[in-house]
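Colleague: Can you look at this prediction? I've put the sequence above it.
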Amino acid sequence: MHLTYLDANMRADLSATEKISPQVLREAHEAVVQLHEEKEQGWLDVLDDAEYLQSINSAVKQFSKYKNCLVIGIGGSDLGTRALLEALQRATCDVRRATTLWFSGDTTDPEAIAAVLDEIPWKQTCINIISKSGGTLETMSVFFEAKRRLEKAVGAKQAAARIICTTDSEKGTLREMAQGKGYATLTVPENIGGRFSVLTAVGLFPLALAGVNTKDLLKGAIEMRDDWLEAPGASHPADRFAAWQAAHEMRKHRNIHVLFTYASYLRGISNWWRQLWAESLGKAQLLNGRPNVYGPTPVASIGPTDQHSQMQLYHEGPDNKIFTFITVDNLRAKLKVPTSAKNYELTAYMSGLSFAELLNAEATGSIQALAEADRPVGQIKLNKIDAQALGSLICFFEIATAVAGQLYGINAFDQPGVEASKKKTKEILAKI
């Protein structure tokens, strides 16, 4: 395993009767397995779908001749790719130099859009637009402007050969546009929602184009999946993770889940997880149609930065939070504090220590301080930041989210609240 989940301090003040029982957790586990066996959900099965993965590899070969690729998407079509690229390209430095990825389509802020589109060398660029429906406001509006600039730079015919659409296999505006204009396409499987799609063509195509070892990424995810499928009862860490979150919210009304990441290059992973947790578990109704009174609020914190800006609240504020720390045992950089620090009384203790030692000591100190204050706190330890470890982490969180949905009794795979805001926005724009 590439990660370890430590949950001794998650027990906090939960009594034996307030914990999720092994039987209930086992039933939740089996319900998620059934969703995949019946093909209602496919994000575990797609990981080793040879035909599907070959279609992605073929597209990568076709588009790898371009020096730049503008990736246009938002939410589940964007956050995971950005997160994995940042972590693997910067933290490991083992990503081969290939196509440079540019990102846009996650906002309608004109300043942010112009800051990207004005800098792109369009004559050496292709576009990967990602939208299952082809109706996403932010994504499609930016796409039309990006397409205009690409066509101006290389001509309409050549521009069409440089556009690849990752979208629904049969329907939707983007699928129709691709068919009409002759754009290349990749498929988002019908039974995989956006926030569970980073290990499909949504993330794998641009990441492979950028030089990420997607085979190792998938290998880590497959190992996590298989380990979970073979886990007897409710012994797997992903199941336990889900159970602790549900127990603390339903029994102790701790409805805020803080993910504290002690590795700067995993900041994007926190943002990806925040959408996964919020959009999946913040639902108005239970599966039986009754009103739902629960809904965990995810908060992404970065250590040690937020240790200084938020820890006062976390330690002594309202006891309505659950904490999970992500730490990394082996960081690449080997920087140390110069021994000149020993010349001063208040800094002598840090002299000669590596910055990795400082970082992990701060994480451990924060964990212990919260535990001593009887705040529920768990820890996910990664051996190092590499493709296999992050593939495992992605799969871990996806499984835990699905299991938590079963424990809460809600549908973790729809997003009616998001659709409601989209509808209101379109109504407003139609009046302008």
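Modeller: Yep, it's here.

Colleague: List phi and psi for the closest residue in space to Ala263 that isn't next to it in sequence.
Modeller: Distances taken as C-beta to C-beta, 6 or more residues apart in numbering place Val328 nearest to Ala263, at 4.7 Å, with adjacent residues excluded. Heads up, the C-betas are built off the backbone N, CA and C, glycines and all. Dihedral pair for Val328: phi -120, psi 120, per degrees, to the nearest 10.

Colleague: Leu6 now?
Modeller: Backbone torsions of Leu6, given as degrees, to the nearest 10, read phi -110, psi 120.

Colleague: residues in contact with it?
Modeller: Contact partners of Leu6, counting by C-beta atoms under 8 Å, 6 or more residues apart in numbering, are Gly378, Gln379, Ile380, Lys381.

Colleague: For the third one, list each beta-bridge partner.
Modeller: Here Ile380 shows beta-bridge partners Tyr5, Ile326, assigned using DSSP bridges.

Colleague: Make sure it is actually in contact with Tyr5.
Modeller: Yes: with contact defined as C-beta atoms under 8 Å, Ile380 counts as touching Tyr5 (5.5 Å).

Colleague: rewinding a little: give me the number of residues near the residue nearest to Ala263?
Modeller: For Val328, the count of nearby residues is 24 (other C-beta atoms under 10 Å).

Colleague: Then Gln41?
Modeller: Gln41: 21 surrounding residues under other C-beta under 10 Å.

Colleague: which ones are touching it?
Modeller: When contacts are counted by C-beta under 8 Å, 6+ apart, Gln41 touches Val32, Leu35, Asn191, Ile192, Phe196, Ala402, Phe413.

Colleague: Just give me the closest of these to Ala284.
Modeller: Closest to Ala284 out of the contacts of Gln41 is Phe413 (14.8 Å), distances taken as C-beta to C-beta.

Colleague: My understanding was that that closest one contacts Ser280; is that so?
Modeller: Yes: if you go by C-beta under 8 Å, Phe413 and Ser280 touch, sitting 7.1 Å apart.

Colleague: and for those two, which residues touch both?
Modeller: The contact lists of Phe413 and Ser280 share Ala402, Gly405, where a contact means C-beta under 8 Å, 6+ apart.

Colleague: coming back round to it: quick check, nearest of the contacts of Gln41 to Ala87?
Modeller: Nearest to Ala87, judged by C-beta to C-beta, of those is Phe196 at 18.9 Å.

Colleague: Tell me how many other residues crowd that closest one.
Modeller: By other C-beta under 10 Å, the burial measure for Phe196, its neighbour count, is 27.

Colleague: begin at 26 from here
Modeller: Taking 26 as the first residue, the last one we looked at is Phe221.

Colleague: List the contacts of it.
Modeller: Counting by C-beta under 8 Å, 6+ apart, Phe221 touches Gln66, Trp68, Gly101, Leu301, Glu423, Phe438.

Colleague: Pull the distance from the one helix or strand the fifth one maps to to the chain's centre.
Modeller: Going back to what we said before, that points to Glu423. Assessed by DSSP states H and E, Glu423 sits inside helix 412-433. Taking C-alpha atoms, centre = their mean, to the nearest Å, one finds helix 412-433 lying 10 Å from the centre of the chain it belongs to.

Colleague: Counting by contacts, list what that helix packs against.
Modeller: Counting by 3 or more C-beta pairs under 8 Å, 6 or more residues apart in numbering; DSSP states H and E, the packing neighbours recorded for helix 412-433 are strand 28-31, helix 47-62, helix 104-111, helix 239-254, helix 262-277, helix 292-306, strand 402-409.

Colleague: What is the distance between the third one and the centre of its chain?
Modeller: Looking back up the chat, that one is helix 104-111. 8 Å.

Colleague: Quick check: which ranges of the stretch 226-375 of the chain have low pLDDT?
Modeller: 259 (pLDDT under 70).

Colleague: residue contacts, Asn296?
Modeller: Contacts for Asn296 (C-beta under 8 Å, 6+ apart) come out as Leu104, Ala108, Ala325.

Colleague: gap between it and Leu306?
Modeller: To Leu306, Asn296 is 16 Å away according to C-beta to C-beta, to the nearest Å.

Colleague: how much space between the residue nearest in space to the middle of the chain and Ala112?
Modeller: Nearest residue to the geometric centre of the chain (C-alpha atoms, centre = their mean): Trp297, 3.0 Å. Separation of Trp297 from Ala112 (C-beta to C-beta): 10 Å.

Colleague: likewise Ala455?
Modeller: Ala455 is 40 Å from Ala112, by C-beta to C-beta.

Colleague: Tell me how many other residues surround Trp253.
Modeller: As a burial measure, Trp253 scores 22 neighbours (other C-beta under 10 Å).

Colleague: Regarding the residue nearest to it when sequence neighbours are not counted, what are the backbone dihedral angles?
Modeller: Counting by C-beta to C-beta, 6+ apart, His261 is the residue found nearest to Trp253 once chain neighbours are left out, at 4.9 Å. Note on His261: its backbone torsions stand at phi -80, psi 140 [degrees, to the nearest 10].

Colleague: what about Leu109, distance to Thr150?
Modeller: With C-beta to C-beta as the criterion, Leu109 and Thr150 are 21 Å apart.

Colleague: Neighbour count: the two, which is higher?
Modeller: The neighbour comparison of Leu109 against Thr150 (other C-beta under 10 Å) goes to Leu109, with 28 against 22.

Colleague: Verify the contact between the more buried one and Leu415 for me.
Modeller: Yes: between Leu109 and Leu415 there is a contact under C-beta under 8 Å: 5.9 Å.

Colleague: and for the two, which residues touch both?
Modeller: Leu242, Ile294.

Colleague: follow-up on the earlier one: after the helix holding Glu423, next one along is what?
Modeller: helix 441-455.

Colleague: Please export the C-alpha coordinates of that following helix as CSV.
Modeller: Backbone C-alpha positions of helix 441-455 (Å, rounded to 0.1, in the frame of the first residue of the first chain) are rendered in CSV as follows:
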residue,chain,number,x,y,z
PRO,A,441,-29.5,18.7,-8.2
GLY,A,442,-28.3,21.8,-6.2
VAL,A,443,-25.7,22.6,-8.8
GLU,A,444,-28.2,22.2,-11.6
ALA,A,445,-30.5,24.7,-9.8
SER,A,446,-27.9,27.4,-9.7
LYS,A,447,-27.1,26.8,-13.4
LYS,A,448,-30.8,27.2,-14.3
LYS,A,449,-31.1,30.5,-12.4
THR,A,450,-28.0,31.8,-14.1
LYS,A,451,-29.3,31.0,-17.6
GLU,A,452,-32.6,32.7,-16.7
ILE,A,453,-30.8,35.9,-15.7
LEU,A,454,-28.6,35.9,-18.8
ALA,A,455,-31.5,35.4,-21.1
